[in-house]
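Participant: Give the three-dimensional model of this entry:
(5 chains)
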Amino acid sequence: MNSTLASQIVTLKIDGKDCGARGDETILSVARENGIDIPTLCHYDGLTDIGACRICLVEVKGSPKLFAACSTLVTEGMEVSTNSPRLQRYRKTILELLFSERNHVCAVCVSNGHCELQAMAMKLGLTHVRLPYRYPNLKVDATHTRYVQDDNRCILCQRCVRVCAEIEGAHVWDIMGRGIEARAITDLNEPWGASTSCTSCGKCVHVCPTAAIFEKGKSAGEMVKRSFVSELAAKREVYE
Amino acid sequence: MSQSISVPVTASGGKLARTITIDPVTRVEGHGRITIQLDDKGNVADALFHVTQIRGFEKFCEGRPFQEMPSITARICGICPVSHMLASAKACDELLAVRVPETGIKLRRMLNHAQYVQSHALSFFHLSSPDLLMGMDAEPQKRNIFGVIEKHPELARDGVRLRGIGQQIIEILAGKKIHAAWPVPGGVNQALTAPGREKILAVLPEAFTIINRTLDWYKSVLENFRDEIRIFGNFPSLFMALVTPHDPDEHNAMLDHYDGVFRFVDESGNVVKDNIDPRKYTEHIGEATEAYSYLKSPFYLPKGYAEGMYRVGPLARLNVIDRTGTPKADREWAEFRALRRGVILSNFHNHYARLIEILFALERLEQLCNDKGILDPHVRAIASHNAHEGVGVIEAPRGTLIHHYKINDEGLMTWANLIVASGHNNLAMNRSVLQVAKHYVKGAKISEGMLNRVEAVIRTYDPCLSCSTHAAGKMPLVIEAVDPQGNVVSMLTRD
Amino acid sequence: MSKARIATVWLDGCSGCHMSLLDMDEKIITLASLIEMVYSPTVDMKQYPQNVDVCLIEGAASSDEDIHKLKIIRLNTKCLVALGDCAITGNVPSMRNMYKVEEILNRAYVENAVLQQQIPRIGVPVLQTRCRPIHEIVKVDVFVPGCPPPSETIYNCVADLLAGKTPDIGATTRFGK
Amino acid sequence: MSSISAMPAPPSSDKRWKLVDAAIKRHGRAGHSLIECLHTMQECFGYLDEQGLKYVATALNLPLSKVYGVATFYHIFSLKPQGEHTCVVCMGTACYIKGAPQILAALEEKYGVKPGETTKDNKLSVLTARCIGSCGLAPAVVFDGDVGGKMVSSDALKRVEKWMNI
Amino acid sequence: MTAEELNELIEQEVEANKLFVHSINVCVAAGCLSSHADQTLDALKKEVKAKGLDKEIKVKGVGCMGLCAAGPLVEIRDASNAAQVMYQGVQGEHAEQVVASAGKQSVQSLVCDTSIPFFAKQVKIVLENCGLIDPERIEEYIVAEGYRALQKCLQELAPTKVVEEVTKSGLRGRGGAGFPTGLKWATVAKAQNKQKYVICNADEGDPGAFMDRSVLESDPHRVLEGMAIAAYATGANRGYIYCRAEYPLAVKRLKNAIKQAERVGILGQGIMGTTFNFTVEVRLGAGAFVCGEETALIHSIEGKRGTPRPRPPFPAQSGLWGCPTLINNVETFANIPPILRKGGAWFASIGTEKSKGTKVFALAGRVSNTGLVEVPMGMKLREIVFSLGGGIPDGKKFKAVQTGGPSGGCIPEQFLDMEVDYDSIAKVGSIMGSGGMIIMDETSCMVDVAKFFMEFCKSESCGKCVPCRVGTSQMYDILCKVTDGTATPEEIAMLEELCDLLKSTSLCGLGMTAPNPVLTTMKYFRNEYDAHIQGKKCPAGVCKIKAAQEVLV
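Facilitator: Now for the predicted structure:
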């Protein structure tokens, strides 16, 4: 199905700009190719899109519904609006919900200054969270010799789950429970250090947008993420 | 507009009692209040210094990776975050059980000295100079740094500038003035650059000029405060501070703001206990809780509670040492110690001691800047945790600061205890408040100036209530009536 | 021109925001000519005055006293500024919210004391079960995040307010700055 | 799913594993039969224990975390054993407005167990259901699989009391 | 099985029943079973045997007769299958009297009056066999014209014609959203893939709805027939029924029905002598409301966590294992056989302009007659509640009808004269949903009801998308504050803002519709919100308002 889409050339408008694209491209990729920035959190280049964070929602003319730019394919004649006041308002409120959900103490976080959530707040002009913080009591798992998982900072973007299942192929991570009780886990919700499936490759660490997963031994602000995973995904090939 | 003075209230016993409330105690770093308890004749029966906020660091750091502790505990206090960071980093060094590179230690020392400059400047110029310049009886609206700016712009400018220089050096070293996450377990996370060193060297001369000018001025007006010197916390007590490790017979224990061993001296200057390994602090220091304050009262264990009252801080440090170790400060120190035979007892002299310590810090900064190895890039030992328990002790501007951590096999905090400068001084502060209150608060007539003196005596300790409230903190003044059984029959707080 | 009446208040925080305020160094002397500091930990007024133009509040609301204070401040203040992460997010002080108040007091005053182990109750404010951002208690007009906010940001914010402008905080600071 | 490892040995000699085995094989050890297999395991053992989850994961060639994710997503699966008797109070809308919350409150008051909890003597587990489809008989309570309709608190307590006295 | 064989089977069945003068039908659907109808059935069988009447009187279990609250229900019919009498609340001890009354004087104390509107005003299409046939015997279904429609399709109609007929009928999805069924079928039919699937959504998740359960328990073959027709029309050869595990009886009867259908060759390979193949498998849900959402349901059948994914692509294009998949719910499939038997035009003649046919409603809550009713679309709400439902018991006053479960809303008195169809219900802010109707009187607090549903949505949210995961939790917290009297007007404004956010930005229908109960109660019962917030009291006396001193200053 995608091969037929890939051969189609479609034209569309994003924020008034005429764009040309292949039929198998997403609104997000076309927008970025054309220098239009749509904010994202759960999207990660090289991983399957799941449309979970809802930060990249855009308006499409003629539809009352909003569409996740990361997981919606472009179609002929589409007119996309990426930054209306309504979208800005929704994005900010979604961020507020995220901040209120867990325990994000930016000031003392190992990712302070290198955190996508923190940067997003600044970018979208979020100066405070109007919703009450929930203050759940969450665990820190430091049983792994090299990495630490801190549920307090997890935004459930599932990047770790996807990178581990799709790129590393180990599928150590998954999500347990549901709703507000959902948590990222390793194996049978066992201590990470006891995992029989983890290869300690560190990909989950480097795709994590916050410091829900980080390298052990880092002090505040020291956890800088590397961006090798997207390249890894792009460079995959069958040898011979 | 001043303190509310309550109307007489009927105590449970039918007696008249009167309470005076000073709330908050202003111009000290933190939250606190003072209760002066009067008897039915209007005389001061007792005075209590309450620390009124608790924040819970000892509990809520539980479960965090210990590497985050320097930054978390820095948030105990924005005035001396460096002290907490360093004490914390030192405790963490012990958890790593590695040798911190020499340069790493030197850079931490520089950071600490820079913080002495800014913190002591803040205490002296911003918080205490209004009393010194305008007198204890000046109108309260003007008795603050803004009044100083108006009336004594030169001195105010000196103060602002000197504190600014301290902060600037911190920024050059650590990248940020307040709460920079530069000290880390095993050292610091960035080496000093050559341009950075030049910048520091460039600002030092001005700082020397200011501190010399201020010392000269202060010594010239010292006579004006004879009363205060006599009354403000002038009583015998023990003194404690870190000093350089030494041979007790050589009398060469020097001032060390970053490391060393504990020494206790008594009111006559006799060494009570020497060369105490700070890791074993619990063998010498106990902590007691009082029902009226969120600040605990540490005491010297061998002497028991509350006879084991001791003081820490600038005055204590200059009292316990045999010399400072830098030429200019040594000269000033000798002159200072000549004020009285034995040791200096009046807490008022903390102001003086602070100025000398600024001078010492500037000298040390200059020495370290010119140290050959100071630009060495090897500033951090990398390791995972190798021990389950660590104690980090440092001299914060206000006195000795102890961080004590325990971690589990994974490196997560399981327990912490913190003793801060104002804690050590708690017993002495209460004693001082009572001393001043008894002297100044008499009968029905209570003047603004009298109450201000009660506050001012606390100010001589420069109690960092931010620090003391790491456990929980705040500083309003309250006056309450307490019956002979110790029940509060009335309490006035003023909001 | 009459001077703007400014207040600064310190609740459950570390005073770092106040220090950052002082870090404006010489500018504070400039500012002193434009403002009258009517209430602050650095001045001697004990009672929150009426008709305050701008009040900068550092720290979160942690005790019954903090909450009471905030209400009085709001009543008497035209423009209320939440200064720094503690006031805005609860920040480090709110880390205690994962625990019960009793557990916290117990650790400090019973477990970590050798003598007179007890929980202070006399003449000290009662801790709320949770330490909260101040806008959960009173309406806040301006938010200046940061731990602490850079002194430049604070200065610009105050200067803008004095000039009758809405301060633009966005690009110069952020949570945890 | 190209190379499937050999079928693992059951965690124990318990005969009930044969039923689980049968379910696994019935679906050709296909990963998509996970939920069906978990149903069988829960029917056999009353709950899903860690060993069993590992066994199913290995047999179906699925990642452990995925199995755990599925087992905890669906509320019908229980990862801890229930008490000897279960009392399921339907909390569907009809039951809710006709007094189900009062029944729960009565059970909690009498036996000190909230929904999802089991008494200390392990005799009684109190659970809630989203709607058992017996709305016409609201409020409904299921006592060890036996539906009781038009319940009032005292009826429910009486039924439970019978178990507790044995 | 060929057409001839089918006819043969009918003849055999008719022959076997010839001797019976009466049949005593005992409802053995879940409702009456809860009232121990199984014991009643046993007792009646024993009694008939004991009296030596087992050649004359046939005692059988049948499906739901509708008035669940009065169960166990027993009906006596004569040889021509005409009803003699219906009894209610029949226990084992009544067996002797009941058997004795067959063809004679009825037992007055047990009679259930079937002339009341609850029975008289119903028009049965979906439920036509319920209460008449034994759901555990395929023969009875076949005698009742079962599998005739499938036979007709296979023999007379091309797949496109079948789709046309369904389109012509105007049938809309009975699962809740009301999407035109014909259009959905056409999309799947058009898809080019070799492999396609038909899924029956039997994950009746709305609390307060039990019509699908009733159909599955009372007439399971009807659903299989509908699915087989759909498979034929769309080109699918495999079907799944995704059924709630909470309905063990329905699952048992479905599995039994599938076995029987396979045995006689109605399911399997080469159905009715044609080249059409179709197999059906039952898959159990496991207690996740969100699995009613199509993409989540598909994930669940695939053995995964039941989380939805963004649409497009729609399941009709890319569904189960990436193949085009037709998903309809139980009641939709149950409508298919009569539509194909009697023609789309016949179906379209019933109901309103845009909502055709009948709808089964589950009446529950504060209403006299609780149970299932099937009525033509467009019947007035008042008539359903007060005539069929018999009004509010205990002299209480009507307050609202909740339709559509957690995705729906509360319809107040002022709309009682509204015609019940998809569009009218949507217009007042609720949805048709699967057909649950919970009637509330003055003893219900509408804020508490909104809180109840929000608690439901919060705990049923899959947790994948942020607005639903955190939003429902925050909204629930605010509603808790309203009900304990501590909420502020600002918090109500925030609640409204979150309603808008969830409606607009949630990933799936659960989140998008979760605000509906809040929005409708805020719209129609604002006074109750105000009473909690400003007046610090709950008008219905349901909520426990916190005393002033408990409230944080």
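Participant: any idea of the pLDDT on residue 138?
Facilitator: Answering for chain A, as no chain was given. As summarised for this prediction, A:L138 has a pLDDT of 94.
Participant: meant chain E, my bad for not saying
Facilitator: So, for E:I138, pLDDT stands at 95.
Participant: likewise E:K58?
Facilitator: Looking at E:K58, its pLDDT reads 93.
Participant: got the contact list for the helix or strand that contains it?
Facilitator: Here E:K58 sits within strand E:57-62, counting by DSSP states H and E. With contacts defined as C-beta atoms under 8 Å, 6 or more residues apart in numbering or on different chains, strand E:57-62 is touched by E:17, E:20-28, E:37, E:41, E:44-45, E:48, E:75, E:99, E:102, E:130-136, E:218. Placement of C-beta: from N, CA and C, glycine included.
Participant: I'd like to know which of those are part of helices.
Facilitator: When those are checked against helices (DSSP state H), the matches are E:17, E:37, E:41, E:44-45, E:48, E:99, E:218.
Participant: Which among the residues you listed count as buried?
Facilitator: The neighbour count (16 or more other C-beta atoms under 10 Å in any protein chain shown) marks E:37, E:41, E:44-45, E:48, E:99, E:218 as buried among those.
Participant: can you list those residues in JSON lines and add pLDDT?
Facilitator: As requested, those are exported to JSON lines (pLDDT from 0 to 100):
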{"residue": "E:A37", "pLDDT": "93"}
{"residue": "E:L41", "pLDDT": "96"}
{"residue": "E:L44", "pLDDT": "96"}
{"residue": "E:K45", "pLDDT": "96"}
{"residue": "E:V48", "pLDDT": "94"}
{"residue": "E:V99", "pLDDT": "94"}
{"residue": "E:S218", "pLDDT": "95"}
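Participant: Pull the most distant pair out of these.
Facilitator: E:V99 and E:S218 (23.5 Å; C-beta to C-beta).
Participant: Just give the strands next to the strand holding E:K58 in its sheet, each with its orientation.
Facilitator: strand E:22-27 (parallel) (DSSP bridges).
Participant: quick one, domains of chain A?
Facilitator: In terms of domains, chain A is parsed into A:2-83, A:89-235 (source: automatic domain parsing).
Participant: now for those domains, which one comes closest to B:M85?
Facilitator: It's domain A:89-235; of the domains of chain A, that one is closest to B:M85 (C-beta to C-beta) at 9.8 Å.
Participant: B:L238 reaches B:D266, doesn't it?
Facilitator: Yes: using C-beta atoms under 8 Å, B:L238 makes contact with B:D266 at a distance of 5.7 Å.
Participant: Which neighbours do those two have in common?
Facilitator: Common contact partners of B:L238 and B:D266 (C-beta under 8 Å, 6+ apart): B:V272.
Participant: out of those two, which sits in the busier spot?
Facilitator: More crowded of B:L238 and B:D266, by other C-beta atoms under 10 Å in any protein chain shown: B:L238, with 23 against 17.
Participant: Which parts of the stretch 351-500 of chain E are strands?
Facilitator: Taking DSSP state E, counting those that start in this stretch as the criterion, the stretch 351-500 of chain E carries its strands at E:358-365, E:371-376, E:398-403, E:409-412, E:436-441.
Participant: Can you tell me which helix or strand of chain B has the lowest average pLDDT?
Facilitator: One helix or strand of chain B scores below all others by mean pLDDT, DSSP states H and E: strand B:472, with a mean of 28.
Participant: Let me know the secondary structure of B:A87.
Facilitator: At B:A87 the chain is in helix, as set by DSSP: H, G, I helix; E, B strand; the rest coil.
Participant: residues touching it, list them.
Facilitator: By C-beta under 8 Å, 6+ apart, the neighbours of B:A87 are B:73, B:392-394, B:396, B:401-403.
Participant: would TSV of the residues you listed with neighbour count and pLDDT be doable?
Facilitator: TSV is the format used below for the contacts of B:A87 (neighbours: other C-beta atoms under 10 Å in any protein chain shown; pLDDT from 0 to 100):
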residue	neighbour count	pLDDT
B:T73	30	95
B:G392	28	98
B:V393	24	98
B:I394	28	98
B:A396	27	96
B:L401	32	96
B:I402	24	97
B:H403	31	97
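Participant: No more questions from me, cheers.
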